[in-house]
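Participant: Mind folding the following:
(one chain, ligands or ions: 1)
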Amino acid sequence: MRLKDKNIILGITGSIAAYKAVMLLRLLVKEGASVQVVITPAGKEFITPVTLSALSGKPVISDFFGSNDGTWNSHVDLGLWADLMVVAPATASTLGKMANGIADNMLITTYLSAKCPVLVAPAMDLDMFAHPSTQRNLQILREYGNSIIEPASGELASGLEGKGRMEEPGHILEQVIQTLAGKKKLLNFSFLVTAGPTYEKIDPVRFIGNYSSGKMGYAIAEELAEQGARVVLVSGPVSISAHHPNIKVLRVESANEMYEQSVKAFQECDGAVMCAAVADFTPADKTTVKTKRGKENWMIELTPTQDIAATLGKMKAGKQVLVGFALETNNELANAVSKLKKKNLDFIVLNSLNDQGAGFSVDTNKITIVGKDNKITNFELKPKKEVAADIVAKIIEWKGL
Ligand code: CTP
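Facilitator: Reported below is the predicted structural model:
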């Protein structure tokens with residue numbers, strides 16, 4: 001009973017995913033929470049109040065007024081009663097109303113009156129979710145301090161495939177529990193994260209790069225930010241973006257630019273996670289004009305770049321924690337241990353390209369964490385979001401928090 005004595009408002013809106021809200025309600029009640037369901041008029045088209053009131057043991061609130069008997073529902077009292085509000089599913093329309101204070105239903109007036117943490121689990125079709133309007137509204141809600149439980153990718157009610165499925169009730173329940181447990185362990189801490197590939201210019205139209213997508217580094221930055229930390233994310237060229245308002249993204253291209261920004265940022269940080277796939281070599285001469293076809297072989301001389309992790313390893317002082325990555329193809333553990341020592345890391349996250357579902361571009365990863373105390377922890381294959389949570393948990397443990 002992890003939610004005993006907790007008062008929770010469950011906001012339900014007009015989405016097919018409303019059926020999942022029934023399961024969430026059951027899970028919340030099973031954990032001992034007292035749950036008040038507030039449903040929008042459109043929500044009632046998808047799920048009946050009878051089901052919801054039977055499961056919550058309370059009449060469902062939907063309208064401002066009782067049935068012509070002069071009674072009315074006080075959204076102010078409700079907002080103050082709650083320890084947490086979770087809107088699941090949240091439609092694009094509700095997100096827009098929450099972001100802009102359009103208080104034309106009981107759910108929005110309650111939201112505006114609530115002083116508690118608010119979690120929002122969007123559910124909609126992929127194009128609606130990707131629309132700049134939805135994304136802007138989500139960003140506004142994040143800036144209000146609300147936590148967005150990102151939708152998952154998969155089959156959607158429309159028959160299309162993509163990002164927009166409401167996160168599973170079990171996952172939302174864990175977020176509720178963690179939020180109420182005051183999980184933010186890294187408030188007042190700041191971290192540097194490097195992510196993505198680097199591009200080393202050969203001439204104005206060509207570069208040497210690598211397949212890094214930046215997904216792992218961005219997931220770590222998001223997780224650190226979720227834990228309350230301020231994050232400087234020094235990112236190579238990637239096609240993804242960071243969402244959390246605590247994350248400041250510094251976009252760079254080359255290993256040298258990444259080096260400059262990282263060394264500068266690290267001085268102000270409590271730690272760094274070196275997730276970038278930094279080029280080890282860069283062309284010695286970067287020509288300013290395009291090299292033309294015509295010669296037989298083109299020899300490009302490469303010179304070594306600076307090792308950012310090793311530089312930070314030398315700079316490291318006091319309680320600064322330094323985490324590195326090793327993506328290996330052979331002699332994995334031995335290589336990781338050697339990098340750990342050579343770069344003066346506190347721990348290294350090893351992933352092997354031999355493991356299916358690990359490495360570049362995919363959404364999952366399988367890691368082993370090796371500490372400078374020689375402790376080795378193996379993890380299962382998981383979504384990168386959960387891998388990020390494991391790594392951040394290790395940082396928190398390392399810092400003795
Ligand atoms: N790294 C870095 N700067 C570099 C190269 C690597 O900060 N110029 C960091 C990576 O971000 C990673 C760790 O060092 O956290 C190990 O990277 P990796 O490329 O595996 O190690 P290298 O020292 O480059 O060794 P290798 O010869 O295996 O490429």
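
Participant: which residues of the stretch 1-150 of the chain fall in strands?
Facilitator: For the stretch 1-150 of the chain, the strands defined by DSSP state E, counting those that start in this stretch cover 7-12, 34-39, 84-90, 118-122, 147-148.

Participant: Direction included, what does the first one pair up with?
Facilitator: It refers to strand 7-12. Strand 7-12 pairs in its sheet with strand 34-39 (parallel), strand 84-90 (parallel), by DSSP bridges.

Participant: which residues sit against it?
Facilitator: Residues from elsewhere that reach strand 7-12 (C-beta atoms under 8 Å, 6 or more residues apart in numbering): 18, 21, 24-25, 28, 33-40, 43, 47, 52, 56, 78, 81-90, 94, 107, 110-111, 114, 176. (Glycine included, C-beta is placed from N, CA and C.)

Participant: How many neighbouring residues does Val263 have?
Facilitator: 16 (other C-beta atoms under 10 Å).

Participant: Check which residues of the helix or strand encompassing it are buried.
Facilitator: Assessed by DSSP states H and E, Val263 sits inside helix 255-266. Of all the residues in helix 255-266, those buried under the rule 16 or more other C-beta atoms under 10 Å are 255-263, 265-266.

Participant: Helix, strand, or coil at the residue in the stretch 51-200 of the chain that the ligand sits nearest to?
Facilitator: Using C-beta to the nearest ligand atom, the closest approach of the stretch 51-200 of the chain to the ligand is made by Thr194 at 5.8 Å. Of the three states, Thr194 takes strand according to DSSP: H, G, I helix; E, B strand; the rest coil.

Participant: what about Tyr211, how many neighbours?
Facilitator: Neighbour tally, Tyr211, other C-beta under 10 Å: 9.

Participant: The residue of the stretch 51-200 of the chain closest to the ligand: what's it in contact with?
Facilitator: 217, 233-236, 258, 262, 272-276, 278, 308.

Participant: Intersect the buried residues of helix 255-266 with the contacts of the ligand.
Facilitator: Ala255 (C-beta under 6 Å from any ligand atom).

Participant: would you turn the buried residues of helix 255-266 into TSV with pLDDT?
Facilitator: Below are the buried residues of helix 255-266 laid out as TSV (pLDDT from 0 to 100):
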residue	pLDDT
Ala255	98
Asn256	98
Glu257	98
Met258	98
Tyr259	98
Glu260	98
Gln261	98
Ser262	98
Val263	98
Ala265	97
Phe266	98
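
Participant: between the buried residues of helix 255-266, which is nearest the ligand?
Facilitator: Ala255 (5.6 Å).

Participant: looking at it, that closest one is touching Thr198, isn't it?
Facilitator: Yes: between Ala255 and Thr198 there is a contact under C-beta atoms under 8 Å: 4.5 Å.

Participant: which residues do those two both contact?
Facilitator: 278-279, 305.

Participant: The stretch 151-300 of the chain against the ligand: which residues are in contact?
Facilitator: 194, 255, 274, 276, 278, 280.
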